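>>> structure for this input, please:
(one chain, ligands or ions: 1)
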Amino acid sequence: MQQVTERDNRRAGAVMTLLIGLVLVAGVASTVYATKRWWLPPLVSAAAAPIDRLFNIIMVSIGIVFVLTQGLLAWFVWKAARSPRALYWHESKRLESTWTVATAVILTVFIVMGYQIWLTLHTPTAAAAEKSTVVEVWGQQFFWTARYPGPDGQFGKTDPQFVDFQKNPFGIDPNDPAGKDDIVIDGSKGPIVMPADYHVTVKLSSRDVIHSFFVPNLRVKMDAVPGQVTEVYVQPTEPGRYEIACAELCGVGHFAMRGEIEVLPETDWQAWLQQHAGQHGGTAQ
Ligand SMILES: [Cu+2]
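Just a heads-up that it's a prediction; the model follows:
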């Protein structure tokens with residue numbers, strides 16, 4: 001049998017490293033090619049700007065630590081390969097306590113920063129905003145439906161006895177004058193509309209199982225839970241169309257539970273409200 005030499009080992013190691021590097025580069029390149037971007041989707045919500053800032057701070061800090069530790073590791077490996085004997089320390093209290101405390105301090109700072117952002121994002125500030133509106137968004141297998149208060153800004157009462165999945169999916173009470181101009185949009189037929197530069201409160205719920213309202217461009221992801229109302233607050237800044245992806249495995253059609261948000265400039269939004277007032281049947285916009 002042929003002896004495996006030190007040289008063979010080194011050559012195999014080099015080939016392996018090259019292969020792993022190639023796979024990594026190919027993976028990143030094909031992802032960039034497929035998504036046509038190499039970083040996060042463009043941010044279009046003023047409320048979420050602090051999320052991206054913190055994300056970058058954490059990314060850079062962790063990146064520095066990553067490069068330092070991997071560099072050190074490589075250096076030790078290189079050095080050890082040249083020394084015939086391994087050195088051994090049982091412990092170093094000073095070193096261990098230093099890196100434990102330093103890591104704890106850095107992580108605590110991240111947690112406090114994150115918690116502050118979480119608090120501002122989950123505290124209703126609509127009253128303080130100059131322009132604000134509310135939209136109810138319901139998830140169901142496998143699409144989203146939205147209800148708007150209409151030009152009067154008041155949601156009508158709802159009652160399960162009035163629910164008709166074709167003509168009145170929200171069960172808007174026909175006897176309540178506030179509900180006459182409510183607007184219902186079937187998200188499987190057209191986009192869910194939102195005004196630009198408004199503070200929008202999205203009240204989420206579900207008709208069947210748990211779904212999750214995920215709009216990457218707005219940096220929001222919140223579960224829509226049956227029998228419960230959860231809220232997210234967004235401030236879309238750029239008119240355009242943005243994807244809603246259900247982020248909770250909700251059944252066989254989960255993969256297709258997509259929708260769109262269309263952010264309209266203020267004047268178009270007002271016109272849209274007038275045009276669609278009283279549309280309860282969830283027809284396309
Ligand atoms: Cu879903």
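
>>> quickly find the element holding the residue in the stretch 1-150 of the chain positioned nearest to the ion.
The ion sits closest to Gly139 of the stretch 1-150 of the chain, with a gap of 5.4 Å, by CB to the ion. In this view, the C-beta of every residue, glycine as well, is placed from N, C-alpha and C. Assigned by DSSP states H and E, Gly139 belongs to strand 132-140.

>>> ok, now Trp75?
Going by DSSP H and E, Trp75 is part of helix 49-82.

>>> re the thing from before, contacting residues for the residue of the stretch 1-150 of the chain closest to the ion?
Contact partners of Gly139, counting by CB atoms under 8 Å, 6 or more residues apart in numbering, are Leu204, Ser205, Ser206, Arg207, His211, Ser212, Phe213, Ala224, Cys246, Cys250, Met257.

>>> now narrow the residues you listed to whatever sits close to the ion.
Intersecting those with the contacts of the ion gives His211, Cys246, Cys250, Met257 (criterion: CB under 5 Å from the ion).

>>> any chance of the residues you listed in JSON lines, with secondary structure and neighbour count too?
Listed next are the ones next to the ion among the contacts of Gly139 as JSON lines, based on DSSP: H, G, I helix; E, B strand; the rest coil; neighbours: other CB atoms under 10 Å:
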{"residue": "His211", "secondary structure": "strand", "neighbour count": "31"}
{"residue": "Cys246", "secondary structure": "strand", "neighbour count": "25"}
{"residue": "Cys250", "secondary structure": "coil", "neighbour count": "20"}
{"residue": "Met257", "secondary structure": "coil", "neighbour count": "24"}
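
>>> can I get those in TSV with pLDDT?
Conversion of the ones next to the ion among the contacts of Gly139 to TSV gives the following (pLDDT from 0 to 100):
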residue	pLDDT
His211	96
Cys246	94
Cys250	94
Met257	93
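
>>> rewinding a little: list the beta-bridge partners for the residue of the stretch 1-150 of the chain closest to the ion.
On the basis of DSSP bridges, Gly139 is bridged to Trp144, Ser206.

>>> quick one: the strand holding Gly139 to chain centroid distance?
Put simply, strand 132-140 sits 17 Å off its chain's centre (CA atoms, centre = their mean, to the nearest Å).

>>> also stretch 246-254?
Remark: stretch 246-254 is offset 16 Å from the chain centroid, using CA atoms, centre = their mean.

>>> which parts of it are buried?
For stretch 246-254, burial by neighbour count (16 or more other CB atoms under 10 Å) applies to Cys246, Ala247, Glu248, Cys250, His254.

>>> the fourth one is in contact with Phe142, isn't it?
Yes: in this structure, Cys250 sits in contact with Phe142. The criterion is CB atoms under 8 Å, and the distance is 7.1 Å.

>>> common neighbours of the two, please.
Met257.

>>> near the ion, which residues of the stretch 101-250 of the chain are found?
So far as CB under 5 Å from the ion goes, the stretch 101-250 of the chain lies against the ion at His211, Cys246, Cys250.

>>> nearest to Leu73, of those residues?
Cys246 (40.8 Å; CB to CB).

>>> run through this structure and note the low-pLDDT ranges.
1-2, 125-129, 282-285 (pLDDT under 70).
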